[in-house]
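[1] when you get a sec, could you give me coordinates for this:
(2 chains)
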Amino acid sequence: MAIPQYRVLPGPEGYLPPAAAGMGVILPRKKDEALVEGAIVTREEAMEKAAEKLLSAKKPYIFPGPLVLWNWKEGVAEKAQAIIALAKAANAGIIPMPDYRPKYPMINPAVEINPNHPNLTIWHNKIDVCVFVGVHCHYANVALKIIRGGTDCYTIAFCAEMGHEDAMISFREMGLAEIKQLTDLITRKKGESR
Amino acid sequence: MKSDLWQISPGFEEVMPAEYRELVDNGPFGKKLGVADMGTFKELLEEHPLCAGCGLALSLRLTLIALPNPEDTIIVGATGCSSLAFPQVSVHNIHSLFGNQNAVATGLKRALSLRFPGQVKDVVVIAGDGATCDIGLEAVVHSWFRGEKLATIMLDNEAYANTGGQESGMSRIGTVLNMAPQGKKFSKVNFPEIAKAAGCAYVAVAEPSRPKRLEQAVRRAILVAREIGPAYVQLFTPCPTNYKFKPSETLSLIKKREQEGVFQTMEYLSPEAEAYIKQIEEAKR
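    Sure thing, here's the model as predicted:
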């Protein structure tokens, strides 16, 4: 009997959802491929889906992590500008993830997101679609799984490495050009819908 | 560390929480500030969850101000009250398992020496009395036996404070705590003497009611650990919650204990450490 393919869909999937990798979801091996809800598709298809999700969201937000929040090496400032342009095009808010350490007694969910309890920020701001960018992979994995477990937020990961199985849409090797490409697509789609 | 690492990417300044912006604009990195400058800059300890009047919180605050090179310092901590404050500390820090902090710090220091030869990278252990004198005793003392170039700072509140109040090796004889109702049966461990005997080149006991003395002890310990060998600082940090005194009385309690002769500050420098510190401090004048 064939086992149905596990689909990475918005939750809440409940406390301790299974890691998508453990359910058979495999990251794409080619640069021009991406994951949409657990299935490998072309990057273009994933971009179409991401643009559609961001434009149809009531409260889309981008969560930039330390890799883009801090201007720590050449090329980061340009990437930060591209992310801001993307947020403007998608009419999305920006809430930073400046620190990975859990904060006691709790973070201020109105102004920041923390990977150990990202659900607080999503609940507080009623975010229905979010984009992770510039977050170190191990913390992105933790946060994406918690979001899927406890919220109904649709997650999109822009990963500069290999991608994230636990995101509903996962891009790999997402650089400056690819972010600009998505921004252009969103701008074009907005124009078409007018 | 390059100071330009502490720059927010252009465009993200507005969305960064205020405490990060303040650190960039008015933090102590690269400025060589000290306790005399308190109130003029953004400190490295953000609002924390420790109790009102906590002697440990004040000592940690002063210790962070005293770091000679905060931008190139890594702190290794351990389980205890201080570990609740460390997520709000803007210095690289590692939370180790309860008691293995000096072993973690040893590996870190050696790795940093290989990765950044010729550069100053201070590895400072900050842990409570339980982690240093009881649970971590073996790792602490063996790091001293091996002559590891670490500064070890004990925040001595004389109890396991955040687990309800159990006696530690550093509690005084007769101490009655919530979970030590019969009173402690043996004396406070003389840890500074153990540190001296185990090979520490610098040993000091200080307390937060004299911030300049505390600053001097922390700085000297870190400087000695850079060049000479292991250093140990013991900070007396009374706990109002478990010892049941008013939060406003923390500093007066230290003075009272000193007057009664049951607490004393001290400083020991090995001849080599003394010559080194003298040379540095004279060059500064």
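
[2] tell me where chain A has helices.
    Using DSSP state H, the helices of chain A run over A:43-56, A:66-69, A:76-90, A:118-125, A:137-150, A:176-193.

[3] quick check on A:Arg101: phi, psi?
    phi -70, psi 140 (degrees, to the nearest 10).

[4] for chain A, which residue gets nearest to chain B?
    For chain A and chain B, the shortest gap (CB to the nearest CB) falls at A:Ala80, measuring 3.6 Å. (Glycine included, C-beta is placed from N, CA and C.)

[5] turn the helices of chain A into TSV, columns for mean pLDDT, distance to B:Phe191 and mean neighbour count.
    What follows is the helices of chain A, written out as TSV (pLDDT from 0 to 100; distance: least, CB to CB, whole Å; neighbours: other CB atoms under 10 Å in any protein chain shown):
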stretch	mean pLDDT	distance to B:Phe191	mean neighbour count
helix A:43-56	98	58	19
helix A:66-69	97	38	21
helix A:76-90	98	46	20
helix A:118-125	97	41	21
helix A:137-150	96	37	22
helix A:176-193	95	55	15
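
[6] contact residues of chain B facing chain A?
    By the criterion of CB under 8 Å from any CB of the partner chain, the positions of chain B lying close to chain A are B:4-12, B:15-17, B:20, B:48-49, B:84, B:86-88.

[7] quick one on the thing from earlier: nearest residue to the residue of chain A closest to chain B other than its sequence neighbours?
    Excluding its sequence neighbours, the residue lying closest to A:Ala80 (CB to CB, 6 or more residues apart in numbering or on different chains) is B:Ser9, at 3.6 Å.

[8] backbone phi and psi for the one you found, please?
    The phi/psi pair for B:Ser9 (degrees, to the nearest 10) reads phi -60, psi 140.

[9] what is the burial count for it?
    23 (other CB atoms under 10 Å in any protein chain shown).

[10] do the same with A:Met168
    Neighbour count of A:Met168, defined by other CB under 10 Å: 27.

[11] give me the distance between it and A:Ala50.
    For A:Met168, the distance to A:Ala50 (CB to CB, to the nearest Å) stands at 9 Å.

[12] can you tell me the SS state at B:Arg99?
    Let me fix one detail, which is that residue B:99 is Gly and not Arg. At B:Gly99 the chain is in coil, as set by DSSP: H, G, I helix; E, B strand; the rest coil.

[13] contacting residues around it?
    Contacts for B:Gly99 (CB atoms under 8 Å, 6 or more residues apart in numbering or on different chains) come out as B:78, B:131, B:134-139.

[14] tell me the two of these that are most distant?
    B:Ala78 and B:Glu138 (13.4 Å; CB to CB).

[15] looking at those two, which one has more neighbours?
    Of the pair B:Ala78 and B:Glu138, B:Ala78 is the one with more neighbours under other CB under 10 Å, namely 27 against 12.

[16] for the more buried one, phi and psi?
    phi -140, psi 170.

[17] could you check the pLDDT of it?
    Per-residue pLDDT puts B:Ala78 at 96.

[18] quick check: which element contains B:Val203?
    Element membership for B:Val203 (DSSP states H and E) is strand B:202-206.

[19] do B:Glu281 as well
    Going by DSSP H and E, B:Glu281 is in helix B:271-284.

[20] for that helix, what is the average pLDDT?
    95.

[21] can you give the contact residues for whichever helix in chain B runs longest?
    Ranked by number of residues, the top helix in chain B under DSSP H is helix B:211-227. For helix B:211-227, contacts defined as CB under 8 Å, 6+ apart pick out B:34-36, B:38, B:59, B:62-63, B:65-69, B:73, B:120, B:122-124, B:149-151, B:153, B:201-202, B:204, B:206-208, B:231-233, B:235, B:265, B:267, B:269, B:273, B:276-277, B:280.

[22] how about 6 Å then?
    Outside helix B:211-227, the residues that touch it by CB atoms under 6 Å, 6 or more residues apart in numbering or on different chains are B:34-35, B:62-63, B:66, B:68, B:122, B:149-151, B:201-202, B:204, B:206, B:208, B:231, B:233, B:273, B:276-277.

[23] in PyMOL, select just the buried ones from the residues you listed.
    Restricted to buried positions by 16 or more other CB atoms under 10 Å in any protein chain shown, the PyMOL selection for these reads:
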select buried, chain B and resi 34+35+62+63+66+68+122+149+150+151+201+202+204+206+208+231+233+273+276+277
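
[24] stretch B:273-284: which residues count as buried?
    Buried residues in stretch B:273-284, counted by 16+ other CB under 10 Å: B:273-274, B:276-277.

[25] who in chain A is up against chain B?
    Contact residues (CB under 6 Å from any CB of the partner chain) of chain A with chain B: A:69, A:71-72, A:76-77, A:80-81, A:84, A:94, A:96, A:98, A:101-105, A:111-112.

[26] switch to 7 Å and redo it
    Listed as neighbours of chain B in chain A under the rule CB under 7 Å from any CB of the partner chain: A:64, A:68-72, A:76-77, A:80-81, A:84, A:94-96, A:98, A:101-105, A:111-112.
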